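*Asks:* Output the structure for:
(chains A and B)
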Amino acid sequence: MTNSAAEPTALIRARGLTKAFGARTAVAGIDFDVRDGEFFGFLGPNGAGKTTTMRMIAGVSPRTSGTLEIFGEDPDLHGSAIRGRIGVVHQQETLDMELSVRENLLVFGRFFGMDRASIASRADELLELFQLSDRAKDQVEPLSGGMKRRLSIARSLIATPRILMLDEPTTGLDPQARHLLWDALQRLKRGGTTIVLTTHYMDEAEQLCDRLVVMDQAKIVAEGSPRQLISEHASREVLELRFPNGTDSIDAAILDGIGDRYERLAERVIIGCENGEAAHARALAHGLNPESWLVRRSSLEDVFLRLTGRSLDE
Amino acid sequence: MIASFAPRAFSVFERNVFVYRRQWLMIVTGFFEPLFFLLGIGYGVGGVIGTIPYAGSDVPYAAFVAPALLASAAMNGAIFDSTFNIFYKLKYAKVYDAILSTPVGVGDLAVGELLWSNLRGVIYATAFLVVMLAFGLVHSPLALLAPLAVIFIGFSFGAAGFAITTHLRSWKDFDFLFILLTPLFLFSATFYPVEIYPGALRAIVELSPLTRGTHLVRSLCFGNLNLLMLVDVAYLSAISLIGYRHAVRRLGALLLK
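*Replies:* Down below sits the predicted model:
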(Lines give C-alpha, C1' and ligand atoms only; values in the text may rest on other atoms or scores of the structure.)
Protein backbone atom coordinates (compact mmCIF):
# COMPACT_ATOMS: atom_id res chain seq x y z
CA MET A 1 0.00 0.00 0.00
CA THR A 2 1.19 3.49 -0.74
CA ASN A 3 1.33 6.04 2.01
CA SER A 4 -1.33 8.68 1.47
CA ALA A 5 -1.31 12.13 3.04
CA ALA A 6 -2.32 12.26 6.69
CA GLU A 7 -5.30 14.48 5.94
CA PRO A 8 -7.07 13.34 2.74
CA THR A 9 -8.30 16.20 0.58
CA ALA A 10 -11.96 17.07 0.94
CA LEU A 11 -13.57 17.42 -2.48
CA ILE A 12 -16.82 18.54 -0.91
CA ARG A 13 -16.94 20.51 2.30
CA ALA A 14 -20.11 21.76 3.98
CA ARG A 15 -20.41 23.76 7.19
CA GLY A 16 -23.73 24.85 8.61
CA LEU A 17 -25.29 24.11 5.24
CA THR A 18 -28.93 25.19 5.33
CA LYS A 19 -31.79 25.25 2.85
CA ALA A 20 -35.23 26.65 3.58
CA PHE A 21 -38.25 26.65 1.28
CA GLY A 22 -40.37 29.40 2.77
CA ALA A 23 -41.20 28.33 6.33
CA ARG A 24 -40.05 24.75 5.78
CA THR A 25 -36.42 23.93 6.52
CA ALA A 26 -35.29 21.08 4.27
CA VAL A 27 -31.67 21.05 5.43
CA ALA A 28 -30.88 22.49 8.87
CA GLY A 29 -27.22 23.40 9.27
CA ILE A 30 -25.34 20.23 8.38
CA ASP A 31 -21.55 19.68 8.35
CA PHE A 32 -19.78 17.04 6.30
CA ASP A 33 -16.69 16.38 4.19
CA VAL A 34 -16.45 14.08 1.21
CA ARG A 35 -12.86 13.01 0.58
CA ASP A 36 -11.15 12.32 -2.69
CA GLY A 37 -11.80 8.81 -3.94
CA GLU A 38 -14.28 7.72 -1.32
CA PHE A 39 -17.76 6.30 -1.60
CA PHE A 40 -19.91 8.57 0.54
CA GLY A 41 -23.56 8.06 1.43
CA PHE A 42 -26.48 10.07 2.68
CA LEU A 43 -28.76 7.61 4.38
CA GLY A 44 -32.20 8.48 5.62
CA PRO A 45 -35.92 8.23 5.04
CA ASN A 46 -37.80 10.15 2.36
CA GLY A 47 -38.01 13.83 3.20
CA ALA A 48 -34.89 13.82 5.39
CA GLY A 49 -33.18 16.41 3.17
CA LYS A 50 -30.89 14.15 1.15
CA THR A 51 -32.03 15.21 -2.33
CA THR A 52 -31.94 18.89 -1.40
CA THR A 53 -28.36 18.46 -0.19
CA MET A 54 -27.43 16.73 -3.45
CA ARG A 55 -28.99 19.57 -5.46
CA MET A 56 -27.00 22.17 -3.55
CA ILE A 57 -23.77 20.24 -4.21
CA ALA A 58 -24.63 19.96 -7.90
CA GLY A 59 -25.06 23.72 -8.10
CA VAL A 60 -28.74 23.69 -9.08
CA SER A 61 -30.14 24.87 -5.76
CA PRO A 62 -28.75 27.98 -4.10
CA ARG A 63 -28.25 27.46 -0.37
CA THR A 64 -30.01 29.62 2.20
CA SER A 65 -27.00 29.89 4.52
CA GLY A 66 -23.79 28.20 5.59
CA THR A 67 -20.76 27.44 3.47
CA LEU A 68 -20.34 24.86 0.75
CA GLU A 69 -17.19 24.19 -1.26
CA ILE A 70 -16.83 21.77 -4.15
CA PHE A 71 -13.22 21.45 -5.36
CA GLY A 72 -12.64 24.42 -3.04
CA GLU A 73 -15.14 26.61 -4.91
CA ASP A 74 -18.59 27.93 -4.12
CA PRO A 75 -21.23 26.28 -6.33
CA ASP A 76 -23.45 29.36 -6.13
CA LEU A 77 -20.67 31.39 -7.76
CA HIS A 78 -18.91 28.85 -10.01
CA GLY A 79 -21.79 26.50 -10.71
CA SER A 80 -21.03 25.95 -14.37
CA ALA A 81 -17.35 25.11 -13.85
CA ILE A 82 -18.17 22.80 -10.94
CA ARG A 83 -20.95 21.03 -12.85
CA GLY A 84 -18.44 20.39 -15.61
CA ARG A 85 -16.53 18.09 -13.25
CA ILE A 86 -19.53 16.39 -11.64
CA GLY A 87 -21.79 13.67 -13.06
CA VAL A 88 -25.35 13.68 -11.79
CA VAL A 89 -27.90 10.87 -11.87
CA HIS A 90 -31.32 12.07 -10.83
CA GLN A 91 -33.76 10.05 -8.82
CA GLN A 92 -36.42 10.56 -11.46
CA GLU A 93 -35.50 9.39 -14.96
CA THR A 94 -34.34 12.37 -17.03
CA LEU A 95 -33.18 10.55 -20.15
CA ASP A 96 -34.07 12.20 -23.43
CA MET A 97 -36.93 10.14 -24.86
CA GLU A 98 -36.68 11.93 -28.20
CA LEU A 99 -33.18 10.56 -28.76
CA SER A 100 -31.72 7.09 -29.19
CA VAL A 101 -29.56 5.42 -26.53
CA ARG A 102 -26.29 6.48 -28.14
CA GLU A 103 -27.55 9.94 -29.05
CA ASN A 104 -28.33 10.53 -25.39
CA LEU A 105 -24.61 10.24 -24.74
CA LEU A 106 -23.53 12.23 -27.81
CA VAL A 107 -25.78 15.18 -27.02
CA PHE A 108 -24.75 15.15 -23.37
CA GLY A 109 -21.08 15.29 -24.27
CA ARG A 110 -21.76 18.48 -26.22
CA PHE A 111 -23.33 20.05 -23.13
CA PHE A 112 -19.95 19.52 -21.47
CA GLY A 113 -18.20 21.20 -24.38
CA MET A 114 -16.38 18.04 -25.54
CA ASP A 115 -15.35 17.68 -29.18
CA ARG A 116 -17.32 15.22 -31.30
CA ALA A 117 -14.50 12.72 -31.83
CA SER A 118 -13.77 12.26 -28.12
CA ILE A 119 -17.50 12.08 -27.36
CA ALA A 120 -17.99 9.30 -29.91
CA SER A 121 -15.17 7.14 -28.57
CA ARG A 122 -16.14 7.80 -24.96
CA ALA A 123 -19.79 6.98 -25.73
CA ASP A 124 -18.89 3.62 -27.26
CA GLU A 125 -16.62 2.82 -24.33
CA LEU A 126 -19.42 3.63 -21.84
CA LEU A 127 -22.04 1.67 -23.78
CA GLU A 128 -19.69 -1.31 -23.66
CA LEU A 129 -18.96 -0.85 -19.96
CA PHE A 130 -22.64 -0.66 -19.08
CA GLN A 131 -23.64 -3.50 -21.42
CA LEU A 132 -25.76 -1.32 -23.66
CA SER A 133 -23.82 -1.65 -26.93
CA ASP A 134 -26.42 -3.82 -28.62
CA ARG A 135 -29.13 -1.27 -27.77
CA ALA A 136 -27.14 1.75 -28.99
CA LYS A 137 -29.48 2.61 -31.86
CA ASP A 138 -32.72 1.87 -29.98
CA GLN A 139 -35.11 4.39 -28.54
CA VAL A 140 -34.90 4.87 -24.79
CA GLU A 141 -38.54 4.33 -23.92
CA PRO A 142 -38.72 0.51 -24.34
CA LEU A 143 -35.60 -0.15 -22.23
CA SER A 144 -36.08 -1.91 -18.89
CA GLY A 145 -35.80 0.06 -15.66
CA GLY A 146 -32.36 -1.35 -14.98
CA MET A 147 -31.11 -0.48 -18.47
CA LYS A 148 -32.47 3.05 -18.22
CA ARG A 149 -30.67 3.51 -14.93
CA ARG A 150 -27.44 2.17 -16.40
CA LEU A 151 -27.82 4.53 -19.34
CA SER A 152 -28.39 7.44 -16.95
CA ILE A 153 -25.18 6.58 -15.18
CA ALA A 154 -23.30 6.09 -18.45
CA ARG A 155 -24.55 9.50 -19.61
CA SER A 156 -23.44 11.18 -16.37
CA LEU A 157 -19.93 9.78 -16.94
CA ILE A 158 -19.52 11.09 -20.49
CA ALA A 159 -17.15 13.87 -19.44
CA THR A 160 -15.23 11.59 -17.02
CA PRO A 161 -16.32 13.46 -13.88
CA ARG A 162 -14.24 13.55 -10.74
CA ILE A 163 -17.37 13.16 -8.62
CA LEU A 164 -20.40 11.05 -9.47
CA MET A 165 -23.61 11.89 -7.63
CA LEU A 166 -26.45 9.40 -7.54
CA ASP A 167 -29.81 10.11 -5.98
CA GLU A 168 -31.53 6.87 -4.92
CA PRO A 169 -29.91 4.93 -7.77
CA THR A 170 -31.56 1.56 -7.12
CA THR A 171 -35.06 2.61 -6.11
CA GLY A 172 -37.58 0.66 -8.15
CA LEU A 173 -35.06 -1.86 -9.51
CA ASP A 174 -35.39 -5.62 -9.12
CA PRO A 175 -32.70 -7.38 -7.03
CA GLN A 176 -30.74 -8.57 -10.07
CA ALA A 177 -30.60 -5.12 -11.69
CA ARG A 178 -29.66 -3.73 -8.33
CA HIS A 179 -26.65 -6.03 -7.90
CA LEU A 180 -25.52 -5.32 -11.46
CA LEU A 181 -25.57 -1.63 -10.63
CA TRP A 182 -23.71 -2.08 -7.37
CA ASP A 183 -20.96 -3.94 -9.23
CA ALA A 184 -20.70 -1.17 -11.79
CA LEU A 185 -20.43 1.47 -9.07
CA GLN A 186 -17.74 -0.45 -7.23
CA ARG A 187 -15.77 -0.72 -10.47
CA LEU A 188 -16.00 3.02 -10.92
CA LYS A 189 -14.83 3.61 -7.40
CA ARG A 190 -11.82 1.38 -7.94
CA GLY A 191 -11.08 3.48 -11.02
CA GLY A 192 -10.73 6.52 -8.74
CA THR A 193 -14.12 8.23 -9.09
CA THR A 194 -15.46 9.79 -5.93
CA ILE A 195 -19.05 8.67 -5.52
CA VAL A 196 -21.77 10.32 -3.46
CA LEU A 197 -25.08 8.60 -3.20
CA THR A 198 -28.31 8.91 -1.30
CA THR A 199 -30.30 5.90 -0.35
CA HIS A 200 -32.96 4.83 2.02
CA TYR A 201 -31.79 1.25 1.78
CA MET A 202 -29.62 0.14 4.68
CA ASP A 203 -28.12 -2.81 2.84
CA GLU A 204 -27.10 -0.54 -0.03
CA ALA A 205 -25.33 1.88 2.30
CA GLU A 206 -23.68 -0.98 4.11
CA GLN A 207 -22.54 -2.67 0.88
CA LEU A 208 -21.22 0.39 -0.90
CA CYS A 209 -20.24 3.23 1.39
CA ASP A 210 -16.84 3.86 2.91
CA ARG A 211 -18.42 6.55 5.01
CA LEU A 212 -21.90 7.85 5.44
CA VAL A 213 -24.04 10.28 7.32
CA VAL A 214 -27.45 9.38 8.62
CA MET A 215 -29.97 12.14 8.01
CA ASP A 216 -33.30 12.55 9.69
CA GLN A 217 -35.61 15.55 9.69
CA ALA A 218 -33.14 17.88 7.94
CA LYS A 219 -30.25 17.08 10.27
CA ILE A 220 -27.31 14.71 10.39
CA VAL A 221 -27.82 12.40 13.32
CA ALA A 222 -24.72 10.22 12.92
CA GLU A 223 -21.58 9.93 10.84
CA GLY A 224 -18.96 7.27 10.22
CA SER A 225 -18.18 4.07 8.37
CA PRO A 226 -20.96 1.46 8.34
CA ARG A 227 -18.84 -0.62 10.72
CA GLN A 228 -18.26 2.29 13.11
CA LEU A 229 -21.90 3.27 13.13
CA ILE A 230 -22.99 -0.24 13.87
CA SER A 231 -20.48 -0.68 16.65
CA GLU A 232 -21.26 2.71 18.19
CA HIS A 233 -25.00 2.72 17.85
CA ALA A 234 -26.01 -0.93 17.87
CA SER A 235 -25.06 -4.15 19.61
CA ARG A 236 -23.26 -7.03 17.97
CA GLU A 237 -26.39 -9.05 17.36
CA VAL A 238 -30.09 -8.37 17.19
CA LEU A 239 -32.95 -10.49 18.42
CA GLU A 240 -36.29 -9.76 16.80
CA LEU A 241 -39.43 -11.00 18.51
CA ARG A 242 -42.70 -10.82 16.63
CA PHE A 243 -46.03 -10.23 18.41
CA PRO A 244 -48.87 -9.96 15.86
CA ASN A 245 -51.30 -8.87 18.59
CA GLY A 246 -49.23 -5.86 19.52
CA THR A 247 -46.39 -5.11 21.90
CA ASP A 248 -48.09 -2.56 24.18
CA SER A 249 -48.90 -5.01 26.95
CA ILE A 250 -45.32 -6.24 27.41
CA ASP A 251 -43.74 -5.09 30.66
CA ALA A 252 -40.77 -2.75 30.09
CA ALA A 253 -38.93 -4.26 33.04
CA ILE A 254 -38.92 -7.65 31.32
CA LEU A 255 -37.59 -6.20 28.07
CA ASP A 256 -34.86 -4.33 29.98
CA GLY A 257 -33.61 -7.61 31.34
CA ILE A 258 -33.20 -9.41 28.01
CA GLY A 259 -30.45 -7.50 26.21
CA ASP A 260 -28.43 -4.27 26.19
CA ARG A 261 -31.26 -2.17 24.79
CA TYR A 262 -34.55 -2.57 23.03
CA GLU A 263 -36.91 -0.77 20.63
CA ARG A 264 -40.62 -1.41 20.82
CA LEU A 265 -42.38 -1.25 17.42
CA ALA A 266 -46.07 -1.89 16.74
CA GLU A 267 -45.73 -5.64 16.24
CA ARG A 268 -42.07 -6.29 16.89
CA VAL A 269 -39.60 -5.88 19.69
CA ILE A 270 -36.01 -5.42 18.54
CA ILE A 271 -33.46 -6.30 21.16
CA GLY A 272 -29.81 -5.39 20.83
CA CYS A 273 -27.51 -7.86 22.54
CA GLU A 274 -24.13 -9.60 22.47
CA ASN A 275 -25.57 -13.05 21.88
CA GLY A 276 -28.98 -13.42 20.25
CA GLU A 277 -29.52 -17.07 21.14
CA ALA A 278 -28.87 -16.39 24.80
CA ALA A 279 -31.15 -13.38 24.74
CA HIS A 280 -33.89 -15.48 23.20
CA ALA A 281 -33.53 -18.03 26.01
CA ARG A 282 -33.83 -15.21 28.57
CA ALA A 283 -36.95 -13.89 26.83
CA LEU A 284 -38.63 -17.29 27.06
CA ALA A 285 -37.52 -17.63 30.68
CA HIS A 286 -39.24 -14.30 31.42
CA GLY A 287 -42.48 -15.76 30.08
CA LEU A 288 -42.58 -13.97 26.69
CA ASN A 289 -44.31 -15.93 23.98
CA PRO A 290 -43.50 -14.43 20.57
CA GLU A 291 -45.14 -15.85 17.49
CA SER A 292 -41.75 -16.00 15.80
CA TRP A 293 -38.20 -14.83 16.39
CA LEU A 294 -34.92 -14.44 14.59
CA VAL A 295 -31.34 -13.58 15.38
CA ARG A 296 -29.21 -11.58 12.97
CA ARG A 297 -26.16 -9.34 12.80
CA SER A 298 -26.78 -5.67 13.51
CA SER A 299 -27.25 -3.53 10.44
CA LEU A 300 -27.59 0.14 9.65
CA GLU A 301 -31.32 -0.37 10.00
CA ASP A 302 -30.71 -0.91 13.71
CA VAL A 303 -28.53 2.16 13.84
CA PHE A 304 -31.27 4.22 12.29
CA LEU A 305 -33.85 2.80 14.65
CA ARG A 306 -31.62 3.46 17.60
CA LEU A 307 -30.92 7.04 16.55
CA THR A 308 -34.43 8.08 15.64
CA GLY A 309 -36.70 5.65 17.43
CA ARG A 310 -38.31 4.92 14.09
CA SER A 311 -37.89 2.16 11.57
CA LEU A 312 -36.83 3.32 8.09
CA ASP A 313 -39.81 1.84 6.32
CA GLU A 314 -42.34 3.41 8.67
CA MET B 1 -17.80 36.00 -21.94
CA ILE B 2 -19.73 35.54 -25.16
CA ALA B 3 -17.02 33.16 -26.35
CA SER B 4 -17.61 30.78 -23.45
CA PHE B 5 -21.35 31.29 -23.56
CA ALA B 6 -22.02 30.65 -27.22
CA PRO B 7 -20.87 27.00 -27.49
CA ARG B 8 -23.05 25.98 -24.56
CA ALA B 9 -26.11 27.63 -26.07
CA PHE B 10 -25.25 26.00 -29.36
CA SER B 11 -25.10 22.55 -27.74
CA VAL B 12 -28.75 23.00 -26.74
CA PHE B 13 -29.51 23.93 -30.34
CA GLU B 14 -27.67 20.80 -31.49
CA ARG B 15 -29.84 18.61 -29.30
CA ASN B 16 -32.85 19.75 -31.33
CA VAL B 17 -31.02 19.07 -34.57
CA PHE B 18 -30.56 15.47 -33.38
CA VAL B 19 -34.25 15.16 -32.56
CA TYR B 20 -35.49 16.63 -35.82
CA ARG B 21 -33.21 14.59 -38.03
CA ARG B 22 -35.88 11.95 -37.59
CA GLN B 23 -38.88 14.27 -37.48
CA TRP B 24 -38.16 16.50 -40.47
CA LEU B 25 -41.67 15.82 -41.81
CA MET B 26 -43.08 17.90 -38.96
CA ILE B 27 -41.13 20.87 -40.23
CA VAL B 28 -42.35 20.37 -43.78
CA THR B 29 -46.00 20.60 -42.71
CA GLY B 30 -45.43 24.13 -41.43
CA PHE B 31 -44.56 25.19 -44.95
CA PHE B 32 -47.88 24.18 -46.49
CA GLU B 33 -50.15 26.33 -44.35
CA PRO B 34 -49.05 29.68 -45.81
CA LEU B 35 -49.07 28.13 -49.26
CA PHE B 36 -52.73 27.18 -48.86
CA PHE B 37 -53.56 30.68 -47.63
CA LEU B 38 -51.77 32.14 -50.64
CA LEU B 39 -53.77 30.00 -53.02
CA GLY B 40 -57.10 30.38 -51.20
CA ILE B 41 -57.00 34.02 -50.17
CA GLY B 42 -54.24 35.54 -52.32
CA TYR B 43 -55.48 34.08 -55.58
CA GLY B 44 -59.05 33.08 -54.65
CA VAL B 45 -60.15 36.32 -53.03
CA GLY B 46 -57.55 38.19 -55.09
CA GLY B 47 -59.29 36.95 -58.24
CA VAL B 48 -62.41 38.81 -57.13
CA ILE B 49 -60.86 42.07 -55.97
CA GLY B 50 -57.88 42.25 -58.40
CA THR B 51 -55.56 44.94 -57.08
CA ILE B 52 -55.17 46.84 -53.83
CA PRO B 53 -53.54 50.24 -53.25
CA TYR B 54 -50.09 49.99 -51.61
CA ALA B 55 -47.51 52.75 -51.20
CA GLY B 56 -49.12 55.00 -53.79
CA SER B 57 -49.77 52.44 -56.51
CA ASP B 58 -52.11 49.53 -57.18
CA VAL B 59 -50.53 46.10 -56.61
CA PRO B 60 -51.94 42.59 -57.28
CA TYR B 61 -53.75 41.36 -54.18
CA ALA B 62 -51.71 38.09 -54.04
CA ALA B 63 -48.46 40.11 -54.05
CA PHE B 64 -49.83 42.22 -51.18
CA VAL B 65 -50.82 39.20 -49.06
CA ALA B 66 -47.76 37.02 -49.74
CA PRO B 67 -45.22 38.98 -47.58
CA ALA B 68 -47.69 38.88 -44.68
CA LEU B 69 -47.97 35.11 -45.07
CA LEU B 70 -44.20 34.86 -45.08
CA ALA B 71 -44.05 36.86 -41.84
CA SER B 72 -46.75 34.75 -40.19
CA ALA B 73 -45.05 31.52 -41.30
CA ALA B 74 -42.00 32.66 -39.36
CA MET B 75 -44.23 33.54 -36.42
CA ASN B 76 -45.89 30.13 -36.47
CA GLY B 77 -42.59 28.29 -36.66
CA ALA B 78 -41.21 30.14 -33.65
CA ILE B 79 -44.42 30.03 -31.63
CA PHE B 80 -45.08 26.36 -32.18
CA ASP B 81 -41.61 25.43 -31.06
CA SER B 82 -41.37 27.76 -28.10
CA THR B 83 -44.74 26.73 -26.69
CA PHE B 84 -45.62 23.07 -27.35
CA ASN B 85 -42.10 21.73 -27.59
CA ILE B 86 -40.70 23.72 -24.72
CA PHE B 87 -43.66 22.90 -22.48
CA TYR B 88 -43.13 19.21 -23.16
CA LYS B 89 -39.42 19.42 -22.35
CA LEU B 90 -39.99 21.57 -19.29
CA LYS B 91 -42.89 19.79 -17.62
CA TYR B 92 -42.97 16.23 -18.86
CA ALA B 93 -39.73 15.02 -20.35
CA LYS B 94 -37.54 16.64 -17.66
CA VAL B 95 -35.07 17.36 -20.45
CA TYR B 96 -34.11 20.64 -18.81
CA ASP B 97 -33.41 19.06 -15.43
CA ALA B 98 -30.82 16.89 -17.14
CA ILE B 99 -29.36 19.76 -19.17
CA LEU B 100 -29.00 22.00 -16.14
CA SER B 101 -26.94 19.36 -14.33
CA THR B 102 -24.23 20.02 -16.94
CA PRO B 103 -22.23 23.25 -17.41
CA VAL B 104 -25.19 24.63 -19.41
CA GLY B 105 -27.02 27.36 -17.46
CA VAL B 106 -30.55 28.75 -17.84
CA GLY B 107 -29.32 31.60 -20.02
CA ASP B 108 -27.52 29.20 -22.39
CA LEU B 109 -30.60 27.02 -22.43
CA ALA B 110 -32.94 29.85 -23.39
CA VAL B 111 -30.61 31.16 -26.10
CA GLY B 112 -30.17 27.67 -27.56
CA GLU B 113 -33.90 27.05 -27.68
CA LEU B 114 -34.58 30.46 -29.22
CA LEU B 115 -31.93 29.90 -31.89
CA TRP B 116 -33.66 26.67 -32.79
CA SER B 117 -37.21 28.06 -32.91
CA ASN B 118 -35.80 30.86 -35.02
CA LEU B 119 -34.18 28.48 -37.47
CA ARG B 120 -37.57 26.96 -38.03
CA GLY B 121 -39.01 30.37 -38.83
CA VAL B 122 -36.15 31.10 -41.22
CA ILE B 123 -36.63 27.78 -43.02
CA TYR B 124 -40.36 28.46 -43.51
CA ALA B 125 -39.70 31.98 -44.70
CA THR B 126 -37.02 30.90 -47.15
CA ALA B 127 -39.18 28.14 -48.59
CA PHE B 128 -42.07 30.54 -48.93
CA LEU B 129 -39.87 33.13 -50.61
CA VAL B 130 -39.04 30.53 -53.25
CA VAL B 131 -42.78 30.03 -53.79
CA MET B 132 -43.25 33.79 -54.12
CA LEU B 133 -40.48 33.95 -56.72
CA ALA B 134 -42.05 31.07 -58.63
CA PHE B 135 -45.42 32.83 -58.66
CA GLY B 136 -43.83 36.12 -59.72
CA LEU B 137 -44.90 37.87 -56.52
CA VAL B 138 -41.58 39.50 -55.73
CA HIS B 139 -41.19 43.12 -56.83
CA SER B 140 -37.72 43.96 -55.54
CA PRO B 141 -34.35 42.25 -55.02
CA LEU B 142 -34.58 43.51 -51.44
CA ALA B 143 -37.03 40.64 -50.92
CA LEU B 144 -33.97 38.41 -50.63
CA LEU B 145 -33.41 40.03 -47.23
CA ALA B 146 -36.80 38.79 -46.00
CA PRO B 147 -35.41 35.52 -44.50
CA LEU B 148 -33.03 37.68 -42.46
CA ALA B 149 -35.78 40.09 -41.43
CA VAL B 150 -37.86 37.21 -40.10
CA ILE B 151 -35.12 36.58 -37.51
CA PHE B 152 -36.54 39.58 -35.65
CA ILE B 153 -40.01 38.06 -35.90
CA GLY B 154 -38.73 34.65 -34.82
CA PHE B 155 -36.90 35.99 -31.78
CA SER B 156 -39.78 38.14 -30.60
CA PHE B 157 -42.44 35.43 -30.90
CA GLY B 158 -40.06 32.73 -29.74
CA ALA B 159 -39.05 34.68 -26.64
CA ALA B 160 -42.60 35.79 -25.87
CA GLY B 161 -43.89 32.24 -26.39
CA PHE B 162 -41.13 30.85 -24.16
CA ALA B 163 -41.91 33.39 -21.44
CA ILE B 164 -45.65 32.60 -21.57
CA THR B 165 -45.01 28.85 -21.61
CA THR B 166 -43.16 29.03 -18.29
CA HIS B 167 -46.48 30.13 -16.76
CA LEU B 168 -48.64 27.41 -18.28
CA ARG B 169 -49.74 24.67 -15.91
CA SER B 170 -51.28 22.08 -18.21
CA TRP B 171 -52.02 21.39 -21.87
CA LYS B 172 -55.46 22.93 -21.34
CA ASP B 173 -53.88 26.33 -20.90
CA PHE B 174 -52.82 26.19 -24.53
CA ASP B 175 -56.42 26.92 -25.52
CA PHE B 176 -55.99 30.43 -24.14
CA LEU B 177 -52.77 30.88 -26.01
CA PHE B 178 -54.19 29.84 -29.34
CA ILE B 179 -57.31 31.91 -28.92
CA LEU B 180 -54.87 34.84 -29.00
CA LEU B 181 -53.00 33.68 -32.07
CA THR B 182 -55.91 33.48 -34.50
CA PRO B 183 -56.92 37.16 -34.22
CA LEU B 184 -53.25 38.08 -34.24
CA PHE B 185 -52.89 36.35 -37.58
CA LEU B 186 -56.16 37.65 -39.05
CA PHE B 187 -56.05 41.26 -37.91
CA SER B 188 -52.36 42.23 -38.11
CA ALA B 189 -52.60 43.92 -41.52
CA THR B 190 -52.26 40.49 -43.05
CA PHE B 191 -55.08 40.58 -45.60
CA TYR B 192 -55.70 44.33 -45.86
CA PRO B 193 -53.85 47.58 -45.09
CA VAL B 194 -53.71 48.75 -41.49
CA GLU B 195 -55.19 52.11 -42.59
CA ILE B 196 -58.61 50.44 -42.70
CA TYR B 197 -58.90 50.51 -38.91
CA PRO B 198 -60.44 53.60 -37.26
CA GLY B 199 -58.32 55.69 -34.79
CA ALA B 200 -58.00 53.86 -31.46
CA LEU B 201 -58.37 50.42 -32.98
CA ARG B 202 -55.62 51.15 -35.47
CA ALA B 203 -53.28 52.21 -32.66
CA ILE B 204 -53.80 48.80 -31.05
CA VAL B 205 -53.26 46.91 -34.31
CA GLU B 206 -50.09 48.90 -34.99
CA LEU B 207 -48.73 47.56 -31.70
CA SER B 208 -49.23 43.94 -32.73
CA PRO B 209 -45.79 42.39 -33.21
CA LEU B 210 -47.06 40.64 -36.32
CA THR B 211 -48.20 43.99 -37.79
CA ARG B 212 -44.64 45.22 -37.30
CA GLY B 213 -43.16 42.04 -38.75
CA THR B 214 -45.50 42.14 -41.72
CA HIS B 215 -44.69 45.79 -42.34
CA LEU B 216 -40.99 44.99 -42.29
CA VAL B 217 -41.24 42.06 -44.73
CA ARG B 218 -43.77 43.77 -47.02
CA SER B 219 -41.57 46.87 -47.29
CA LEU B 220 -38.66 44.67 -48.35
CA CYS B 221 -40.69 42.66 -50.86
CA PHE B 222 -41.85 45.82 -52.59
CA GLY B 223 -38.47 47.56 -52.28
CA ASN B 224 -40.22 50.28 -50.31
CA LEU B 225 -37.52 51.32 -47.81
CA ASN B 226 -38.90 53.60 -45.06
CA LEU B 227 -37.99 54.80 -41.59
CA LEU B 228 -40.85 52.92 -39.94
CA MET B 229 -38.84 49.74 -40.65
CA LEU B 230 -36.37 50.87 -37.99
CA VAL B 231 -39.27 51.10 -35.55
CA ASP B 232 -40.29 47.56 -36.56
CA VAL B 233 -36.82 46.24 -35.81
CA ALA B 234 -36.53 48.14 -32.52
CA TYR B 235 -39.98 47.08 -31.36
CA LEU B 236 -39.44 43.39 -32.18
CA SER B 237 -36.00 43.49 -30.56
CA ALA B 238 -37.47 44.98 -27.39
CA ILE B 239 -40.08 42.20 -27.19
CA SER B 240 -37.33 39.62 -27.73
CA LEU B 241 -35.23 41.02 -24.92
CA ILE B 242 -38.11 41.33 -22.45
CA GLY B 243 -39.39 37.86 -23.30
CA TYR B 244 -35.92 36.33 -23.04
CA ARG B 245 -35.19 37.91 -19.68
CA HIS B 246 -38.54 36.88 -18.28
CA ALA B 247 -38.15 33.31 -19.57
CA VAL B 248 -34.70 33.01 -17.98
CA ARG B 249 -35.98 34.36 -14.66
CA ARG B 250 -38.89 31.93 -14.68
CA LEU B 251 -36.71 28.97 -15.67
CA GLY B 252 -34.49 29.78 -12.72
CA ALA B 253 -37.48 29.97 -10.38
CA LEU B 254 -38.90 26.69 -11.71
CA LEU B 255 -35.78 24.58 -12.06
CA LEU B 256 -33.14 26.04 -9.75
CA LYS B 257 -35.10 26.02 -6.52
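*Asks:* from here on, contacts and neighbour counts on C-alpha atoms
*Replies:* OK.
*Asks:* which residues sit in contact with the residue in chain B positioned nearest to chain A?
*Replies:* Chain B approaches chain A most closely through residue B:103 (4.2 Å), counting by C-alpha to the nearest C-alpha. Taking C-alpha atoms under 8 Å, 6 or more residues apart in numbering or on different chains as the criterion, residue B:103 is in contact with A:79-84, A:111-112, B:8.
*Asks:* State the helix or strand in which it lies.
*Replies:* Residue B:103 belongs to no helix or strand when elements are defined using DSSP states H and E.
*Asks:* Return the backbone torsion pair for it.
*Replies:* The phi/psi pair for residue B:103 (degrees, to the nearest 10) reads phi -60, psi -10.
*Asks:* Per-residue confidence, it, what does it come out as?
*Replies:* Residue B:103 carries a pLDDT value of 96.
*Asks:* At the contact with chain B, which residues of chain A appear?
*Replies:* Selection of chain A residues close to chain B by C-alpha under 8 Å from any C-alpha of the partner chain yields A:58-62, A:79-84, A:86-88, A:90, A:94-99, A:103, A:107-108, A:110-113.
*Asks:* Let's see that with 6 Å instead.
*Replies:* A:60-61, A:80, A:83-84, A:94, A:98, A:107, A:110-112 (C-alpha under 6 Å from any C-alpha of the partner chain).
*Asks:* What about those, which are in strands?
*Replies:* In strands, judged by DSSP state E, none of those are found.
*Asks:* any idea how far chain B is from the closest residue to residue A:302 other than its chain neighbours?
*Replies:* Nearest residue to residue A:302 in three dimensions, chain neighbours excluded: residue A:234, at 6.3 Å (C-alpha to C-alpha, 6 or more residues apart in numbering or on different chains). To chain B, residue A:234 is 37 Å away according to C-alpha to the nearest C-alpha, to the nearest Å.
*Asks:* how many other residues sit next to residue A:234?
*Replies:* 26 (other C-alpha atoms under 10 Å in any protein chain shown).
*Asks:* the helices in the stretch 151-300 of chain A, which residues?
*Replies:* With DSSP state H, counting those that start in this stretch, the ranges of helices along the stretch 151-300 of chain A come out as A:175-190, A:202-208, A:226-233, A:252-256, A:276-285, A:300-308.
*Asks:* and the fourth one, which residues are buried?
*Replies:* If you call a residue buried by 16 or more other C-alpha atoms under 10 Å in any protein chain shown, then helix A:252-256 has these buried ones: residue A:255.
*Asks:* now, which of the residues of chain A next to chain B sits nearest residue B:38?
*Replies:* In terms of C-alpha to C-alpha, no member of the residues of chain A next to chain B lies closer to residue B:38 than residue A:98, at 33.8 Å.
*Asks:* Wasn't residue A:91 part of a strand?
*Replies:* No - using DSSP: H, G, I helix; E, B strand; the rest coil, the assignment for residue A:91 is coil, not a strand.
*Asks:* Look at the nearest residue to residue B:140 once chain neighbours are set aside and report its pLDDT.
*Replies:* Of all residues not flanking residue B:140 in the chain, residue B:223 sits nearest, at 4.9 Å (C-alpha to C-alpha, 6+ apart). If you check residue B:223, the pLDDT there is 95.
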